[in-house]
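K.L.:
Fold the following, please.
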Amino acid sequence: MKPLKFRVWDIDRKKYSNGTFYVHQDGSLLLNFYGDDLYDPCSRVNIEEEQYIIEYYAGVFDKNGKEIYEGDIIKASGISYPWAIILNEIDGYWVSNTKIGVKYRLLDLFNSNLPIQIIGNINQNPELLHETA
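P.N.:
So this is what the prediction gives:
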């Protein structure tokens, strides 16, 4: 089984955390303080999840080879408006632009063969979702 990749946005500090986080099988977020032994209860601590947003890797790369995560804002060549990456648990990853009220499956956008580039993310650059060409 392939390990899940994710990044963690710290709401209070308004930045991505550089700590070593793990998602427990029950969905709780764990912070590892003392090394790699996740089975040692002394080496991990549950953290307040209200302080963090978990953003999962979507399994695809942009045209520059950067991994695309939930919350990223992308732009496809030839399309004048940006898209935010969102997750639909039944159908997989979707892209959405709330300004124009359109939603597409992420894989359909990739299958269009348009070069796609990450231009920011919804936490650090929410204003990008309101831009047009």
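K.L.:
Name the single longest strand found in the chain.
P.N.:
Longest strand in the chain, counting residues (DSSP state E): strand 52-61.
K.L.:
List of residues touching that one?
P.N.:
The contact list for strand 52-61, computed with Cβ atoms under 8 Å, 6 or more residues apart in numbering, reads 4-11, 17, 21, 23, 29, 67-72, 85, 87, 93, 106-107, 110, 121, 123. Quick note: C-beta positions are derived from backbone N, CA and C, even for glycine.
K.L.:
Emit the ChimeraX select command for whichever of those are buried.
P.N.:
Buried subset of the contacts of strand 52-61, written as a ChimeraX selection, criterion 16 or more other Cβ atoms under 10 Å:
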select :6,7,8,9,21,29,68,69,70,71,72,85,93,106,107,110,121,123
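K.L.:
List the ones among the contacts of strand 52-61 that fall in strands.
P.N.:
Using DSSP E, the contacts of strand 52-61 in strands are 6-10, 21, 23, 29, 67-69, 72, 85, 87, 93, 121.
K.L.:
And the lowest mean pLDDT element among the helices and strands of this structure?
P.N.:
Ranking every helix and strand in the chain by mean pLDDT, DSSP states H and E puts strand 44-46 at the bottom, with a mean of 53.
K.L.:
Tell me which residues of stretch 102-119 come out buried.
P.N.:
106-107, 109-110, 116, 118.
K.L.:
Determine which two of the residues you listed are furthest apart.
P.N.:
107 and 118 (16.7 Å; Cβ to Cβ).
K.L.:
Nearest residue to the middle of the chain?
P.N.:
residue 70 (2.4 Å; Cα atoms, centre = their mean).
K.L.:
So that residue sits against residue 86, correct?
P.N.:
Yes. Counting by Cβ atoms under 8 Å, residue 70 does reach residue 86; the two are 6.7 Å apart.
K.L.:
any residues in contact with both of the two?
P.N.:
Joint contacts of residue 70 and residue 86 (Cβ under 8 Å, 6+ apart) are residue 93.
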